[in-house]
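S.K.: Below: sequence and its predicted model.
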Amino acid sequence: PYYTYAKTVLWLQLGFGRIAGVGDLRAGLSACRNAYLLAGRMRNSALQINASIISVLGLAVAGEFAEADRILERTGRLGGGASHPEYRALQNLVRTELALYRGELERVRRYLDLAREDIEKYSLLFLYPALIDVSGLLEIYLRRYEEANAVARHLSEVAILSGNPRCEALALRLQGMTCYHRGRFNQAYELTREALRRLEKSSRGDMHLLRTRLQLGLICHHLGKRRRAERELHDVLERFRRATCHISVCETHLALALSGGDSTDRRETRRHLAQGLQIAAEKAYSHFVVLRPEDIIRACSLAVELKLKPQGTYAAELLRHQRVAEKTPPRPDISSDASPAAQTVAMKTKQYRRQLRQTRLDPLEIRTLGGFQVLRAGHVPISGREWAGSRPRLLLKAILVHGGRDVPRDVLIEDLWPESRPQAAE
């Protein structure tokens, strides 16, 4: 029995190392499956839960969200939580990453707080850099860029205090990603290139390194460095494929479509858009790890413009999702940093966004029985603040009372302002 226990622990360590260390997701997930089966033979539910937690980490990184959900459900049947603080904190960090990659940002906050509680209470310093890194990504996705920079500076301080050059590289990558999302491409290029140089010294092809190269390729595209962009992107595409990291394969295809989007020969653009959007549709991706919202909008707009079928349908869905997510988008700083081509893309993006707001509105459902309600997308009530006062609501009621179409203005004025002069009602 002890031999089986030791073998199970070794498989666990191998799985974690392959997934978190070198980015070999296939080998890591296979090792976790072996650990889970051996733990089942011993009827050791604690080890089964630990193997499941590490598996979910690998599946989250790969973008296999449905399988990750299935394993989490199975973990709940085993007893749900990890018994030791180390694995409990790791479990909450893994749930954080899964929610982060899906764009479920409220869940990210909740799991981050739970992970932070254990990490700080039990001084789990080996998990602290991962906690800070995820916190920084959350701030970027929330478009709280100053807060993201503060998190990156904190991660840099932790790196200096612990003598960890890898953490310093991750801090630089986080700062570079913040600048990329803000549209400050020259600054993003310098930070990301330095992060890549340091990661190449301390990594052997893990996901942080590959996603930093994807980030650099996108930045090079915006700066007009097309050859460098396509060299980086084609190379990481093959590496992501070998690692079976579907979400990053999807992102890289969309990035390559952007890189070739301004060329006269659009066959490669169509191919990359079709392959990227097909993966996104199959895996139900609506949020991406590296791509900034403006680039997602541009890629999806290209698909609609090129009339891709059936991928164009999912591109329209992604456009709707981005419109909802971008209630208050920041103004990208493109005037001084970006190339003329990037400025042209920005102008086109604004045009597509304007068209989207005009033509891709959520359907409204109006209920008049048992009380008056207007619901967006069939289930979200329009709030009082959105009505901007009582008059628009009364006007809609009056239009509905008269059949909802071609109601003369004079009739509406009489209904709403019966005691006012026509000029005042106007």
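M.R.: Ah, there it is.
S.K.: Please make it C-alpha for all contacts and neighbour counts, starting now.
M.R.: Noted.
S.K.: Heading C-terminal from the lowest-mean-pLDDT helix or strand in the chain, find the next helix or strand.
M.R.: In the chain, no helix or strand scores lower on mean pLDDT, DSSP states H and E than helix 340-359, which sits at a mean of 52. Downstream of helix 340-359, the next assigned helix or strand under DSSP states H and E is strand 364-367.
S.K.: now the strands: where do they sit in this structure?
M.R.: For the chain, the strands defined by DSSP state E cover 364-367, 373-376, 380-381.
S.K.: in its sheet, what does the second one sit against?
M.R.: Same thing as strand 373-376. Strand pairing for strand 373-376, determined by DSSP bridges: strand 364-367 (antiparallel), strand 380-381 (antiparallel).
S.K.: contacting residues for Thr252?
M.R.: Thr252 makes contact with Leu214, Leu233, Val236, Leu237, Gly276, according to C-alpha atoms under 8 Å, 6 or more residues apart in numbering.
S.K.: how about the closest residue to Leu127 other than its chain neighbours, what does it touch?
M.R.: Closest residue in space to Leu127, ignoring its immediate chain neighbours: Ile119 at 7.0 Å, by C-alpha to C-alpha, 6 or more residues apart in numbering. With contact taken as C-alpha under 8 Å, 6+ apart, Ile119 is in contact with Glu86, Ala89, Leu125, Leu127, Tyr128.
S.K.: Isn't the second one up against Leu114?
M.R.: Looking back up the chat, that one is Ala89. Yes: with contacts counted by C-alpha atoms under 8 Å, Ala89 reaches Leu114, the gap being 7.4 Å.
S.K.: Could you check which of those two has the larger neighbour count?
M.R.: Comparing Ala89 with Leu114 by other C-alpha atoms under 10 Å, the one with more neighbours is Ala89, at 25 against 16.
S.K.: how far away is that one from Ala130?
M.R.: Between Ala89 and Ala130 the computed distance is 11 Å (C-alpha to C-alpha, to the nearest Å).
S.K.: so where's the stretch 1-150 of the chain shaky on pLDDT?
M.R.: For the stretch 1-150 of the chain, residues meeting the criterion pLDDT under 70 lie at 1-2, 80-83.
S.K.: let's go with 90 and repeat that
M.R.: Where the stretch 1-150 of the chain drops to pLDDT under 90, the residues are 1-3, 20-24, 45-46, 73-88, 90-91, 120-129.
S.K.: repeat for the stretch 151-300 of the chain
M.R.: Within the stretch 151-300 of the chain, the segments meeting pLDDT under 90 span 158-164, 166, 201-206, 259-266.
S.K.: Which residue ranges of it form helices?
M.R.: Counting by DSSP state H, counting those that start in this stretch, one finds helices in the stretch 151-300 of the chain at the ranges 165-182, 185-202, 207-222, 226-242, 246-259, 267-283, 293-305.
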